[in-house]
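Asker: this is the structure alone, sequence omitted:
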């Protein structure tokens, strides 16, 4: 585990509607979360973080994720520099590749060799930031990006903080290795299991670290955890039913079959995919039995939840974004975050 983490960090995913950002950010800070990640779905992921930074003091803020290949390193460098400065060093730059169809057909941008392109994107960012900080000549020329022009007019004001930490979203082995080689953190996909993390994700990350001569403590590993909990049996059962549908939806995607294959559940993916093509979304959840549910989700009543999350994360994961299918209440959330950190609860 990264020395910088100082124990398991507890994160949240939020921030879409700008009108609610200030209140949401203050709530998360009050509840004790370490970071909030702003996704790129139907809104820009960077803009909400300006408001969140203005209305908080300790909460880390990150893009989770911003689509790297819809942009270029120079534009992202500007955004990262400004948000790191304005938040007083609390910004985490989370980047993801998206998939070919979205990059080419939604964003109208080029797609090729995503792992190599992402590696170069990260290196270009650091080269630009170093130019701004140290006054060195900008001379970055790669296979995908070239940055060789910087004048005083376009150099931002000095920033007294470290460069933003760069997290990269990774599903496959190659991108995970790239994270180990050049990133400050890896954002693993929520559709994973502890066994997959131990046997596939972690070895790939270590290969990348070894290639770069780095140590495990130099990178933060973030992985969302599906949570099924409740204050009574009825809430637990209702949340379990909803989670089965969510796992079924993810499991229907061919790109995630290898996670199921590892457990010998490849035929489940075939059936889930067939049902998705038929539009049988509600029926998909019925194929997720208790064994599959507990492999992908932490299932526990509220009073035992912290211990089971630690069992899933310890030795593997440095920071865990936790989300609930239904709210558990402000006081319960504060107590859970304290328990996850090992802090005493009044």
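Answerer: Here it is on my side, so go on. As the structure is a prediction and not an experimental result, all values here were calculated from the model.
Asker: low-confidence ranges in the chain?
Answerer: Within the chain, the stretches falling below the threshold (pLDDT under 70) are 1-6, 325, 343-346.
Asker: tell me how it divides into domains.
Answerer: 9-226+305-342, 230-299 (the TED database).
Asker: among the ones you listed, which is the most enclosed?
Answerer: Highest mean neighbour count of these: domain 9-226+305-342, a mean of 18 (counted as mean count of other C-beta atoms under 10 Å). Where you see a C-beta, it was placed from the backbone N, CA and C, and this is true even at glycine.
Asker: what distance separates that one from the middle of the whole chain?
Answerer: Computed by C-alpha atoms, centre = their mean, to the nearest Å, the chain-centroid distance of domain 9-226+305-342 equals 6 Å.
Asker: distance between the ends of it?
Answerer: Length of domain 9-226+305-342, first residue to last, C-alpha to C-alpha, to the nearest Å: 11 Å.
Asker: all helices for the stretch 101-250 of the chain, in order.
Answerer: Under the criterion DSSP state H, counting those that start in this stretch, the stretch 101-250 of the chain carries helices at the ranges 114-134, 173-182, 194-196, 202-212, 233-251.
Asker: what sits up against the shortest one?
Answerer: Looking back up the chat, that one is helix 194-196. Residues from elsewhere that reach helix 194-196, judged by C-beta atoms under 8 Å, 6 or more residues apart in numbering: 259, 262, 263, 295, 312, 316.
Asker: and the residue nearest the centre of the chain, bridged to which residues?
Answerer: The structure's the chain has its C-alpha centroid closest to residue 187; by C-alpha atoms, centre = their mean the separation is 3.9 Å. Counting by DSSP bridges, residue 187 forms beta bridges with residue 169, residue 222.
Asker: spit out the contact partners of it.
Answerer: For residue 187, the contacting residues are 64, 65, 94, 96, 167, 168, 169, 170, 222, 223, by C-beta under 8 Å, 6+ apart.
Asker: ok, now with 10 Å
Answerer: 37, 62-65, 92, 94-96, 167-171, 179, 220-224, 319, 321 (C-beta atoms under 10 Å, 6 or more residues apart in numbering).
Asker: one more: residue 207?
Answerer: Counted by C-beta under 10 Å, 6+ apart, residue 207 has contacts 173, 174, 176, 177, 180, 181.
Asker: go on, residue 311?
Answerer: The contact partners of residue 311, by C-beta under 10 Å, 6+ apart, come to 194, 298, 300.
Asker: picking that back up, could the contacts of residue 207 be laid out in TSV, adding distance to residue 268?
Answerer: Putting the contacts of residue 207 into TSV (distance: C-beta to C-beta, whole Å) gives the following:
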residue	distance to residue 268
173	22
174	26
176	24
177	28
180	30
181	34
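Asker: coming back round to it: would you turn the helices of the stretch 101-250 of the chain into CSV with distance to residue 22?
Answerer: Written out in CSV, the entries for the helices of the stretch 101-250 of the chain read as follows (distance: least, C-beta to C-beta, whole Å):
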stretch, distance to residue 22
helix 114-134, 29
helix 173-182, 32
helix 194-196, 37
helix 202-212, 36
helix 233-251, 29
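Asker: of all those helices, which one is nearest residue 41?
Answerer: Residue 41 sits nearest to helix 233-251 of all the helices of the stretch 101-250 of the chain, at 15.4 Å, using C-beta to C-beta.
Asker: immediately after that closest one, which helix or strand?
Answerer: Taking DSSP states H and E as the definition, the helix or strand that follows helix 233-251 towards the C-terminus is helix 257-262.
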